[in-house]
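Colleague: for reference, the sequence and a predicted model appear below.
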Amino acid sequence: MIKIMFVCHGNICRSPMAEFVMKDLSARAGLADRFMIMSSATSAEEIGSDMHRASQAKLRGEGVPFERRRAVQLTRADYGKFDYIIGMDGQHIRNILRICGGDPEEKVWKLMDFTDEAGEDVADPWYTGNFTRAYDDIRKGCESLLNKIRGEGLL
């Protein structure tokens, strides 16, 4: 089983969108039972909050199923539980490394690093209000991640 943790600042916008997009992609590929996919935050600001309503609206508009959830914070113990810990931007990567105490097993990635836009950040809709651009980045990153996993014969 491939275990993926998507991470953003508050776990209410980008990381839960990535969680549900990846769940949908794996289900459509007939591989849902081969994955454990979750999301978390680097901060404690939104712990317990549901996904942002604009993120929900975007997923609904794209036909991506999702469920009510509560934001949780990434922990040091999560490093040992997941194969991939994927941040949405450079600040998330720095915070993930701080929380996890480094990355000795090379599990920490930025989502766009799986695409032809390596090094780029997933657009942040919190400040721009552009949930479509964030969704497009997330979709591209998740599709590329799934292709990488399939291409490496990890399933």
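Modeller: Sure, I can see it. Numbers count the residues shown, from 1 in each chain.
Colleague: Leu74 is in contact with Ile99, correct?
Modeller: Yes. Using CB atoms under 8 Å, Ile99 is in contact with Leu74, at 5.3 Å. Where you see a C-beta, it was placed from the backbone N, CA and C, and this is true even at glycine.
Colleague: looking at the two, which is more packed in?
Modeller: Leu74 (26 against 17; other CB atoms under 10 Å).
Colleague: may I ask you to confirm that that one is in contact with His9?
Modeller: No. Using CB under 8 Å, Leu74 is not in contact with His9, being 10.8 Å away.
Colleague: shared neighbours, those two?
Modeller: Taking CB atoms under 8 Å, 6 or more residues apart in numbering as the contact rule, Leu74 and His9 both touch Ala41, Thr42.
Colleague: using CSV, write out every CA atom in stretch 139-151.
Modeller: Provided in CSV are the C-alpha atoms of stretch 139-151 (Å, rounded to 0.1, in the frame of the first residue of the first chain):
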residue,chain,number,x,y,z
ARG,A,139,-4.8,18.1,-10.5
LYS,A,140,-1.7,18.2,-12.7
GLY,A,141,0.5,17.3,-9.7
CYS,A,142,-1.6,14.4,-8.6
GLU,A,143,-1.9,13.0,-12.1
SER,A,144,1.9,13.2,-12.4
LEU,A,145,2.4,11.6,-9.0
LEU,A,146,0.1,8.7,-9.9
ASN,A,147,2.0,8.3,-13.2
LYS,A,148,5.3,8.3,-11.4
ILE,A,149,4.1,5.6,-8.9
ARG,A,150,2.7,3.5,-11.7
GLY,A,151,5.8,3.9,-13.9
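Colleague: now the lengthiest helix in the chain, how far from the centre of its chain.
Modeller: In the chain, with assignment by DSSP state H, the single longest helix is helix 131-151. Helix 131-151 has its C-alpha centroid displaced from the chain centroid by 10 Å (CA atoms, centre = their mean, to the nearest Å).
Colleague: okay, helices next: where are they in this protein?
Modeller: Under DSSP H, the chain gives helices at 14-28, 53-61, 78-81, 90-100, 125-128, 131-151.
Colleague: what are the buried residues along the first one?
Modeller: Neighbour-count burial for helix 14-28, counted by 16 or more other CB atoms under 10 Å, picks out 14-26.
Colleague: Asn95: which of those is nearest?
Modeller: Ser15 (12.2 Å; CB to CB).
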